[in-house]
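Sharing a model that was predicted from the sequence below.
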Amino acid sequence: MAAIDPAQSFFSVAAATDGAPRELAGELARRLKPSGPSAVLFFAHPRHDFAALAAQMQAHFPEALTVGCTTMGEIGPAGFTRGSVVALGLGSPCRAAAVLVPSLATFRFEDGAHILDQLREQLGLADDSIVPGRHVLITLLDGLSGMEELLVAAIGTSLPAVPLVGGSAADDLRLSRTEVAVDGRACAGGAVVLLLEPSVPFHPFQIHHYEPTPQRVVVTRADARRRLVMRLNGRPAARVLAELVGAPLEQLRAEGASGIARYGLQFGFHAGSEYYLRGVMTIQGEDLVLAGAVEEGAILTVMRSGDMLVSTRQGIASATAALGARPALMLLFNCGGRMFEAEVRGQVPALFEALGDTPVVGFTTYGEQFGPMLLNLTLTGLLLGWPRER
């Protein structure tokens with residue numbers, strides 16, 4: 001059988017920066033190389049009119065599934081940017097289907113099974129034919145909803161072995177409105193669940209650079225729905241954090257998330273053999289606002305930042321080895337907390353270089369999804385390989 005010609009790529013990535021939504025969509029359409037992509041994913045900074053952009057993307061790709069969301073920054077051919085639109089076009093042999101959840105506020109656990117039924121129907125699959133090794137789920141969720149955990153748990157319960165990766169839509173710290181879209185229909189407060197049948201080698205991965213310390217704290221008062229922690233070890237949570245980082249509380253409040261990132265201290269929880277992060281987004285009075293829910297009674301480990309560049313290079317190398325094929329593309333969901341830390345350390349260009357030579361596309365998030373969990377301070381992604389010889 002003939003080998004696949006790499007020039008006949010099943011994907012392409014593109015970026016556009018300035019112009020009205022029609023001009024942005026037109027530029028992306030010119031730059032995306034596969035003729036007639038079957039699916040187009042786009043990630044847009046909130047300075048652009050997202051609803052109009054979503055409509056224009058569908059108009060420029062009328063035969064394709066179009067899926068997108070707003071960001072805290074974009075990842076694409078120009079590196080890490082803020083203010084652009086990046087896009088990924090996928091063609092044969094990949095197939096994709098997507099369901100728009102217009103309101104996470106009304107989402108219920110049992111709705112997860114209904115979403116999967118719709119995805120199966122769109123791809124013409126039998127009831128039991130969403131399977132690991134053949135399919136992967138990708139989620140784009142409203143990062144202000146506080147509902148990400150419920151949706152990924154609902155999906156994961158129905159399909160525990162099928163990999164899932166994704167990111168929480170963002171609005172560049174305006175904290176007022178994030179948006180998602182499917183086939184030109186945009187909404188705030190919603191979610192997209194995408195089922196991808198790559199038909200090429202693929203490997204999902206997650207990377208973080210934090211290391212556990214011997215210190216533990218107990219969450220003694222919290223509001224998990226609002227992601228607030230009010231008391232740690234029976235004391236005001238913000239004061240405990242200030243003592244841990246060795247900085248005045250007033251200074252932490254004034255510096256906000258970027259200042260907190262400077263100290264390289266966060267909280268984590270232990271699950272199996274792994275530690276997963278719960279990042280501090282901001283301080284409200286003496287309460288901590290986290291980027292993920294924690295329950296009263298939870299025991300959190302104090303986590304210290306390691307070398308982000310080294311861990312990223314090593315994580316990408318491990319994912320590439322696990323792929324077992326020549327890498328073609330990485331779809332990335334990068335935590336905003338990682339970007340804050342890279343910015344305060346002057347490491348943003350070096351962080352992009354640490355991703356290696358494989359083409360990348362994605363966005364900076366308000367949270368990352370991996371399997372049935374919402375994560376923080378993590379780089380999650382999907383590595384796609386070139387089609388194997390036939």
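Structure received.

so where do the helices sit in the stretch 51-200 of the chain?
Under the criterion DSSP state H, counting those that start in this stretch, helices of the stretch 51-200 of the chain are mapped to 111-123, 148-158.

Run the angle between the longest one and helix 148-158 for me.
With axes from the mean of the first three to the mean of the last three Cα atoms, to 10 degrees as the basis, helix 111-123 and helix 148-158 are set at 60 degrees to each other.

circling back: dump the helices of the stretch 51-200 of the chain to JSON lines, plus mean neighbour count.
In short, each C-beta sits where N, CA and C put it, glycine included. Shown next, in JSON lines, are the helices of the stretch 51-200 of the chain (neighbours: other Cβ atoms under 10 Å):
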{"stretch": "helix 111-123", "mean neighbour count": "17"}
{"stretch": "helix 148-158", "mean neighbour count": "20"}
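
Including mean pLDDT and distance to residue 387, could those helices go into CSV?
Below are these laid out as CSV (pLDDT from 0 to 100; distance: least, Cβ to Cβ, whole Å):
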stretch, mean pLDDT, distance to residue 387
helix 111-123, 96, 19
helix 148-158, 94, 27
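
ok, now which ones touch the nearest residue in space to residue 295 that is not next to it in sequence?
In this structure, residue 295 finds its nearest non-sequential neighbour in residue 224, 5.2 Å apart by Cβ to Cβ, 6 or more residues apart in numbering. For residue 224, the contacting residues are 293, 294, 295, 296, by Cβ atoms under 8 Å, 6 or more residues apart in numbering.

In contact with the last one, which residues?
Just to be clear, that refers to residue 296. 219, 220, 221, 222, 224.

repeat that for 7 Å
219, 220, 221, 222 (Cβ atoms under 7 Å, 6 or more residues apart in numbering).

So it, which state does it fall into?
coil (DSSP: H, G, I helix; E, B strand; the rest coil).

Could I get the buried residue list for the helix or strand of the chain with the lowest mean pLDDT?
For the chain, counting by mean pLDDT, DSSP states H and E, helix 249-262 ranks last in confidence among helices and strands (a mean of 84). Residues of helix 249-262 classed as buried by neighbour count (16 or more other Cβ atoms under 10 Å): 249, 252, 253, 255, 257, 259, 260, 261, 262.

mind exporting that helix as CSV, just the C-alpha atoms?
What follows is helix 249-262, C-alpha atoms only, in CSV (Å, rounded to 0.1, in the frame of the first residue of the first chain):
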residue,chain,number,x,y,z
LEU,A,249,-2.4,39.8,53.3
GLU,A,250,-2.9,43.3,52.0
GLN,A,251,-0.2,42.8,49.4
LEU,A,252,-1.7,39.6,48.2
ARG,A,253,-5.1,41.2,47.8
ALA,A,254,-3.6,44.1,45.9
GLU,A,255,-1.5,41.9,43.6
GLY,A,256,-4.4,39.6,42.6
ALA,A,257,-3.9,36.4,40.7
SER,A,258,-0.6,37.4,39.0
GLY,A,259,0.8,38.2,42.4
ILE,A,260,-0.3,34.9,43.9
ALA,A,261,1.4,33.1,41.0
ARG,A,262,4.6,34.9,41.8
